[in-house]
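Visitor: build the 3D model from these lines:
(2 chains)
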2 protein chains.
Amino acid sequence: MIQPRTLKGFRDYPPELMMPREHLLEQCRRVYRSYGFAPIDTPALEYAETLLGQGGEESDKLIYRFTDHGDRDVALRFDLTVPFARFAAMHVPKLGTPFKRYHMGPVWRGENTAHGRFREFWQCDFDTIGTTANAADIEVVLVIHDLMLALGLERFCIRVNNRLVLNGLLEELGLAGKTREVLVALDKLGKIGRDGVAGEMAAKGVDAAQAERILNLAETRGSNADILDRLGAEFGQNAKAAEGIRRLRELLDVTRQAGVPEERLGLDVAIARGLDYYTGTIYETFLTDLPSIGSVCSGGRYDNLAGLFTKMALPGVGASLGLDRLLAALEEMNRLEKVATPAPVLVIQFTADRLGDYQRMARVLRGQGIGAEVFPEAKKVGQQFQYAEKRGFKVALIAGPDEFAAGTWKIKDLARRQETASPESEVVGVIQRLVLESSS
Amino acid sequence: MIQPRTLKGFRDYPPELMMPREHLLEQCRRVYRSYGFAPIDTPALEYAETLLGQGGEESDKLIYRFTDHGDRDVALRFDLTVPFARFAAMHVPKLGTPFKRYHMGPVWRGENTAHGRFREFWQCDFDTIGTTANAADIEVVLVIHDLMLALGLERFCIRVNNRLVLNGLLEELGLAGKTREVLVALDKLGKIGRDGVAGEMAAKGVDAAQAERILNLAETRGSNADILDRLGAEFGQNAKAAEGIRRLRELLDVTRQAGVPEERLGLDVAIARGLDYYTGTIYETFLTDLPSIGSVCSGGRYDNLAGLFTKMALPGVGASLGLDRLLAALEEMNRLEKVATPAPVLVIQFTADRLGDYQRMARVLRGQGIGAEVFPEAKKVGQQFQYAEKRGFKVALIAGPDEFAAGTWKIKDLARRQETASPESEVVGVIQRLVLESSS
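Guide: Next comes the predicted model:
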């Protein structure tokens, strides 16, 4: 006999874990689609040369790589960005631009599992490529905003920045050559505080006055408009900074007109994620009630997606939902419903000879969009109720000889433990109300 | 520069291919859930020992197998059944039975690609385990039936059989020791005809009179009830056959009461798929207008799912939708809509300074469940219309200075090339009607 087990860093998803994951994926799909992002998929396996060397040596070491039956050097994708670059190089000439796609699927990394990291996890990316228009950058904010609302989250803040502002600022301070070092230090502001960052900057040869100006800007408080005004006043004469400020100002204006409340959008000059990759707008998303979990949806603008695969320039902008992080957050905030059945109604099999009636009634409910399971065996009713409770059904439907004689069904609200009898013609209406109540 | 390419036997799904695939997956999910099947997922990678030796040597050769970073002997799953067996052994003691699950995901096989086979493809399985009740077998027919209808297919036939009938029949004829040989020959009835099968049987030592009786039964014509009556009359004295006939009769009765029309269900004594695996009811599904494509949804009952992993007996029944085969069929029957956008409405960006209004109106539409994309650049309107046409948008929404002054929007029905103007308050209603019309 073989011991049943999963590999280290891999996990099964039983229904209680999979149902919330499917719900999140459905909401992503619905919101992405509502903005005209179209789905694509790419193979799990690629030529190793397609994937290697794109994230540095450290990344390469994490890649699952092997030789296939045809002696090809192949590897499992470690993200959805590199496959998208390869895809874009092959298909965008025919598909045309702007090209808006979403892609949701698993990726594999041989990570150290010490910090609860998994070696297989899902990414949910959306991007618009083939345009430098700020409208695409602005739309990313709207998508993230609507996605959070779709997930039932109302207290969150999308933090935005623009790398052009940082680059212009450093240019003005004569620190363009130290961009990387300054940004690495600045990125730690939340963690090590002002003095810590100043110390790191000093160690890299940034003088105290320069560090002071950078940190003052990064810590500017006030409304988003105030921050932009201050940035404009101090660095507006720099062409890069001016362009960054212009784009951020338009982003604030348009998202406000489109209905995003000011408190859900925050300018933050200190964020600089994806140092080597992002070149324009940058996004992070924090949950107000659980900021410690980190950004649940992040992304940015990049100059050229597929430079390794094609001469065609493909600028773009996009973001990625951190599915597992968001699931963990919802779990911690007690926002996940604990059920193990996707159907709200269990039809009790009271007598085996009436199976046709049970399935007939169940199909009537299904036809009205109400999931209904028929218990497969005519076990004792108590055992069937236990099953209903364990799985999390909301309503049980019961009919024995008396009910069939009277043309009625007993409807049991399992949460309230209340039972009523209804004529068959009214069953759908009664159950619709019960299911609606219990899900609100 | 790296040449962008996919591995042999692997393919990308651009939107035109992915949107129908997502639609099929959504319908599967919806129908499976409506019957109380709950989603699960398992890792793409498993210990090789978990997967090997389950489908015979030929299968093992097709498995993608390698050594991971931790020197583990690992492999990519080649179906969803073996991982489900491993999953069931680990989780069902806690989850309890009956356990109903669906599982949709990619599997990998290093197949010969000569006959259009792919090395990565999706399976969509659903099973009920932990019960021998015929109610579960019957439900499989209902699920397949509702799934076909959900996919817009009305002309199909679910062919059912029960291995007990065949086994009992062979027992009565004294051919129990030749079950495998007889069934392999019988399975070819559709391909090589009556004489061909008789010849193959003769070669295996089945005498002419025996072959005659088997073939007469396999070719019995008439209503399903007639066939059952004849089976009962000829072999009802055999206990196995009688049980098989009883279960098939109940299946016919209950599915009829539940609303499945007789012509969509056909008894077929000749089908015997999954020779070594299935032990009871067997299912195949054929499209009336395209039988040549083969069965698009098949399955059966098995005695014990997870015998290799646990001593717990887990009988079950289930089936699997052939996603790629069904997509190919829908394509061939011209039943796939050729669009590359999931959003029906394109909001033209007439002037860049009105982006806030365009996104505001688009969000109103999205709030009503109507997908709306805002073109990211204020390009010439003609170019934006070209984009709309190429992607397959149904409606364009246009507003320039005149419309903003008048508080109206121009709404263009792109298929009919008709344009109307509406006050802003009426835009949603007009577009709802247009989108509804164009999708019916």
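
Visitor: helix, strand or coil: sort out whatever residue of the stretch 1-150 of chain A ends up closest to chain B for me.
Guide: With C-beta to the nearest C-beta, the shortest gap between the stretch 1-150 of chain A and chain B falls at A:Gly36, namely 2.7 Å. Where C-beta positions appear, they are placed from N, C-alpha and C, glycine not excepted. Three-state call for A:Gly36 (DSSP: H, G, I helix; E, B strand; the rest coil): coil.

Visitor: what bridges to the residue lying closest to it once chain neighbours are set aside?
Guide: Counting by C-beta to C-beta, 6 or more residues apart in numbering or on different chains, B:Glu373 is the residue found nearest to A:Gly36 once chain neighbours are left out, at 2.7 Å. Assessed by DSSP bridges, B:Glu373 has beta-bridge partners B:Leu346.

Visitor: tell me the contacts of B:Glu373?
Guide: Counting by C-beta atoms under 8 Å, 6 or more residues apart in numbering or on different chains, B:Glu373 makes contact with A:Tyr35, A:Gly36, A:Lys100, B:Thr341, B:Ala343, B:Val345, B:Leu346, B:Val347, B:Ala362, B:Phe393.

Visitor: one more: A:Thr42?
Guide: A:Arg77, A:Leu80, A:Pro83, A:Phe84, A:Arg86, A:Phe87, A:His103, B:Thr6, B:Asp12, B:Tyr13 are the contacts of A:Thr42 under C-beta under 8 Å, 6+ apart.

Visitor: which residue comes closest to it once chain neighbours are left out?
Guide: A:Pro83 (4.1 Å).

Visitor: is it true that the one you found touches A:Ala44?
Guide: No. Using C-beta atoms under 8 Å, A:Pro83 makes no contact with A:Ala44, being 9.2 Å away.

Visitor: and for those two, which residues touch both?
Guide: Joint contacts of A:Pro83 and A:Ala44 (C-beta under 8 Å, 6+ apart) are A:Arg77.

Visitor: A:His91 against B:Asp12, yeah?
Guide: Yes. Contact criterion C-beta under 8 Å: A:His91 and B:Asp12 qualify, at 6.7 Å.

Visitor: what sits closest to A:Ala242 if chain neighbours are left out?
Guide: A:Gly236 is the one closest to A:Ala242 (C-beta to C-beta, 6+ apart), at 5.3 Å.

Visitor: what about that neighbour, neighbour count?
Guide: Number of residues near A:Gly236 (other C-beta atoms under 10 Å in any protein chain shown) recorded here: 15.

Visitor: do the same with A:Pro344
Guide: With other C-beta under 10 Å as criterion, A:Pro344 counts 23.

Visitor: would the helix or strand containing A:Leu228 count as contacting chain B?
Guide: Following DSSP states H and E, one finds A:Leu228 within helix A:224-235. No. Under the criterion of C-beta under 8 Å from any C-beta of the partner chain, helix A:224-235 makes no contact with chain B; the nearest approach is 15.2 Å.

Visitor: I'd like the next helix or strand past that helix.
Guide: Counting by DSSP H and E, what follows helix A:224-235 is helix A:239-257.

Visitor: list the contacts for the residue lying closest to A:Ala239 once chain neighbours are set aside?
Guide: Of all residues not flanking A:Ala239 in the chain, A:Gly168 sits nearest, at 7.2 Å (C-beta to C-beta, 6+ apart). Neighbouring residues of A:Gly168 by C-beta under 8 Å, 6+ apart: A:Phe235, A:Asn238, A:Ala239, A:Lys240, A:Ala241, A:Ala242, A:Glu243, A:Gly244.

Visitor: just flag the most distant two among the residues you listed.
Guide: Spatial extent of the contacts of A:Gly168 (C-beta to C-beta) is set by the pair A:Phe235 and A:Glu243 at 11.2 Å.

Visitor: these two: who's more crowded?
Guide: A:Phe235 (23 against 17).

Visitor: so which residue is dead centre in chain A?
Guide: Nearest residue to the geometric centre of chain A (C-alpha atoms, centre = their mean): A:Leu321, 2.2 Å.

Visitor: gap between A:Glu200 and chain B?
Guide: 33 Å (C-beta to the nearest C-beta, to the nearest Å).

Visitor: OK, contacts around that residue?
Guide: Listed by C-beta under 8 Å, 6+ apart, the contact set of A:Glu200 reads A:Val184, A:Ala185, A:Lys188, A:Ile192.

Visitor: circling back to that earlier point, now the contacts of A:Thr42 as JSON lines including secondary structure?
Guide: Output for the contacts of A:Thr42, formatted as JSON lines (three-state DSSP):
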{"residue": "A:Arg77", "secondary structure": "coil"}
{"residue": "A:Leu80", "secondary structure": "coil"}
{"residue": "A:Pro83", "secondary structure": "helix"}
{"residue": "A:Phe84", "secondary structure": "helix"}
{"residue": "A:Arg86", "secondary structure": "helix"}
{"residue": "A:Phe87", "secondary structure": "helix"}
{"residue": "A:His103", "secondary structure": "strand"}
{"residue": "B:Thr6", "secondary structure": "coil"}
{"residue": "B:Asp12", "secondary structure": "coil"}
{"residue": "B:Tyr13", "secondary structure": "strand"}
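
Visitor: can you say which of these are buried?
Guide: Among the contacts of A:Thr42, those classed as buried by 16 or more other C-beta atoms under 10 Å in any protein chain shown are A:Arg77, A:Leu80, A:Pro83, A:Phe84, A:Arg86, A:Phe87, A:His103, B:Thr6, B:Asp12, B:Tyr13.

Visitor: before we move on, back to that, the helix holding A:Leu228 packs against which elements?
Guide: Using 3 or more C-beta pairs under 8 Å, 6 or more residues apart in numbering or on different chains; DSSP states H and E, the elements in contact with helix A:224-235 are helix A:163-172, helix A:208-218, helix A:239-257, strand A:265-267.

Visitor: hmm, back to that, just give me the closest of the contacts of B:Glu373 to B:Arg335.
Guide: Checking the contacts of B:Glu373 against B:Arg335 with C-beta to C-beta, the nearest one is B:Thr341 at 19.1 Å.

Visitor: now the phi/psi pair for the closest one, please.
Guide: Dihedral pair for B:Thr341: phi -130, psi 140, per degrees, to the nearest 10.

Visitor: just to revisit the earlier point, comparing the helices and strands packed on helix A:224-235, which comes out most buried?
Guide: Among the helices and strands packed on helix A:224-235, ranked by average contacts under mean count of other C-beta atoms under 10 Å in any protein chain shown, first place goes to helix A:163-172 (a mean of 23).

Visitor: quick one, that helix and helix A:239-257 angle?
Guide: Orientation check (axes from the mean of the first three to the mean of the last three C-alpha atoms, to 10 degrees): helix A:163-172 against helix A:239-257 gives 150 degrees.

Visitor: tell me the buried residues in the helix or strand that helix A:163-172 is followed by?
Guide: For helix A:163-172, the following helix or strand on the C-terminal side (DSSP H and E) is helix A:179-186. For helix A:179-186, the neighbour count (16+ other C-beta under 10 Å) marks A:Thr179, A:Glu181, A:Val182, A:Leu183, A:Ala185, A:Leu186 as buried.

Visitor: stretch A:50-67 too?
Guide: Neighbour-count burial for stretch A:50-67 [16+ other C-beta under 10 Å]: A:Thr50, A:Leu51, A:Leu52, A:Gln54, A:Gly55, A:Ser59, A:Asp60, A:Leu62, A:Ile63, A:Tyr64, A:Arg65, A:Phe66.

Visitor: ok, the last one - contacts?
Guide: For A:Phe66, the set of contacting residues under the criterion of C-beta under 8 Å, 6+ apart consists of A:Val74, A:Ala75, B:Tyr64, B:Phe66, B:Thr67.
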